[in-house]
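A.B. asks: Make a model of this:
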Amino acid sequence: MKYFYQQMLAFFAVILTLLVIMGFSFLQFARNTTYGNTEKQLYGYAEALISGGLQQDQLDNGQLVLSNQGVTVSVFSNEDLMIYPKTDKAYSSGLSEQDLKKLAAGKRLSLTVRQKDFYGNDQQMAIVYLPFFTQDNGVFSGFVAVSSPISGIEATLMALRNNLFSAFLFSSLGAFIISLIFAKYQVNRINRLRRATHTVAGGGFDIQLENHGRDEFDDLAGDFNSMVNSLKSSQEEIERQENRRRQFMADAAHEMRTPLTTINGLLEGLEHDMIPEHQKQRSIELMHNETRRLIRLVNENLDYEKIRSNQIILRKQSFNAHEALEMIVEQLSSKAQTANDHLIVDCPLDMQIYADYDRFVQIMVNLIQNAIQFTQDGEIKLTGQMKPHESIITIEDSGIGMEAKEVENIWERYYKADVSRKNTLYGESGLGLAIVQQLMNLHEATITVESIPGKGTTFTLVFPFEEGHSTN
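C.D. replies: You can find the predicted model right below:
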């Protein structure tokens, strides 16, 4: 059974159950009220007759008036014999000894239903009994029985039941329509979620459901929106990774194709003796350079994967940062001179840094080579300073700088901010900064970058001291 019909039947059953319960309760209340009012009315007649002294003419007049309502008055002696109306045959009330004792004790008998009247005729009667006593000594003298046919009471109740049944039919119809509306409303909300789910299944992640925060359906809509946002982010990340993979394959192929093409051309020239004798040594040197470039590219890829998968072990120690920076500057001075760049070290002579020495040198060489690559006729300044719990090194160049979008991507493998410099005489592969970031993460250190197009770039490296060590 579809959920729509389940909801409709559920709502209809609930409303119908309430209507039935209320209907029976109302009928019972009406019945009790009707019989209660009849009892009170009959007691009132009996009390009026007793207070009038039960005179013959009074009884006759009263009976004459009450007969129009179907009410009958009977008077019995203390011996349970009918003394009014007078009959040739002596009739009794038919009450039990226990009831007669209650009357003798001054208690009234509440409304009772008899299947026959006092004369033995088949007629359902509702009767009340009220005792009376002599005025002189208060001796029990008898009792008055005032009766009314049940048919009149039941006719009233029947009319009430008929009206209530008509109201029940109209209410059931209204309940059915209301159930239909509520069920359709709830199912529409579910169908809205189903349509949205089908849209997401088809790859559409730009859909959002309204969430008014009123009930569980709105909570579900909120969860659905969160799920769609997560899926959208995941899909974007997957597409970005796929694009990065394609770019990685293209860049790796490009980086390897150039030296391989050079080597292949030179080998063919040597094989067919197409290279003059005086240039053969130069060709061999070129092949050596291109081979070293390929080896460096492969090693950098392997190094990057080892670093990223935590397959290398850092051997941290405290060492003099000034001496390390001076050594690195001396090592890269020839490259800086080729670009007509000036390397400057501004670092305290006694500055200490806590890191793996070899990996620190690798980090600095990559960053300085990157600065040389994008700086021409400029200045590259290495600054060091110590704080209570950390050492800070900045590498500031006056090169071409980068846009904000480029700054976000420089840590990606094979990413190069300046496409025109994909092939430099240093054979840069685009892996340097990716390796730097991974090494900094292994050191539990931080690296940040600030860059202004046309003015230069600044890298800031923060190395924490070992636990328990402080400059204070």
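A.B. asks: Just the residues contacting stretch 37-54, thanks.
C.D. replies: 58-59, 62, 66, 71, 73, 75, 84, 108, 110-111, 126-128, 130, 132, 144-148, 153 (CB atoms under 8 Å, 6 or more residues apart in numbering). Every residue, glycine included, has its C-beta placed from N, CA and C.
A.B. asks: filter these to the buried ones?
C.D. replies: Burial by neighbour count, 16 or more other CB atoms under 10 Å: within those this picks out 59, 62, 66, 71, 73, 75, 84, 108, 111, 126-128, 130, 132, 144-148, 153.
A.B. asks: Can you tell me which of these end up in helices?
C.D. replies: 59, 62, 66, 153 (DSSP state H).
A.B. asks: Dump the residues you listed into TSV; add pLDDT and distance to residue 354 as well.
C.D. replies: Putting those into TSV (pLDDT from 0 to 100; distance: CB to CB, whole Å) gives the following:
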residue	pLDDT	distance to residue 354
59	84	124
62	84	120
66	84	116
153	76	104
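A.B. asks: In TSV, list those residues along with distance to residue 404.
C.D. replies: As requested, those are arranged in TSV below (distance: CB to CB, whole Å):
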residue	distance to residue 404
59	114
62	109
66	105
153	93
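A.B. asks: gap between stretch 379-398 and the chain center?
C.D. replies: Per CA atoms, centre = their mean, to the nearest Å, the displacement of stretch 379-398 from the mean C-alpha position of its chain is 48 Å.
A.B. asks: buried set for stretch 197-215?
C.D. replies: 200, 205, 209.
A.B. asks: actually stretch 369-379, sorry about that
C.D. replies: Using 16+ other CB under 10 Å as the test for burial, stretch 369-379 gives 369-375, 378-379.
A.B. asks: quick check, nearest of those to residue 288?
C.D. replies: Compare each of the buried residues of stretch 369-379 with residue 288 using CB to CB and the shortest gap goes to residue 369, at 20.5 Å.
A.B. asks: How much space separates that closest one from residue 325?
C.D. replies: The span separating residue 369 from residue 325 equals 14 Å under the rule CB to CB, to the nearest Å.
A.B. asks: What of residue 452?
C.D. replies: 24 Å.
A.B. asks: ok, the two, which is more surrounded?
C.D. replies: Remark: of residue 452 and residue 325, residue 325 carries more neighbours, 25 against 12, as counted by other CB atoms under 10 Å.
A.B. asks: Quick check: that one touching residue 364?
C.D. replies: Yes. In this structure, residue 325 sits in contact with residue 364. The criterion is CB atoms under 8 Å, and the distance is 7.0 Å.
A.B. asks: Contact partners for residue 9?
C.D. replies: Applying CB under 8 Å, 6+ apart, we find residue 9 in contact with residue 179.
A.B. asks: still on that earlier bit, tabulate the buried residues of stretch 197-215 (TSV), appending distance to residue 441.
C.D. replies: Listed next are the buried residues of stretch 197-215 as TSV, based on distance: CB to CB, whole Å:
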residue	distance to residue 441
200	35
205	31
209	39
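A.B. asks: Let's have those in CSV, adding secondary structure.
C.D. replies: Formatted as CSV, those follow (DSSP: H, G, I helix; E, B strand; the rest coil):
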residue, secondary structure
200, helix
205, coil
209, coil
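A.B. asks: Among those, which one sits closest to residue 185?
C.D. replies: For those, with residue 185 as the reference and CB to CB as the criterion, the closest is residue 209, at 15.4 Å.
A.B. asks: ok, and the closest non-adjacent residue to that closest one?
C.D. replies: Distance criterion CB to CB, 6 or more residues apart in numbering; nearest residue to residue 209, sequence neighbours excluded, is residue 221 at 4.0 Å.
A.B. asks: Next up, identify which helix or strand the spatially most central residue of the chain is on.
C.D. replies: Geometric centre of the chain, nearest residue: residue 223, 3.9 Å, by CA atoms, centre = their mean. Secondary-structure element containing residue 223, defined by DSSP states H and E: helix 216-271.
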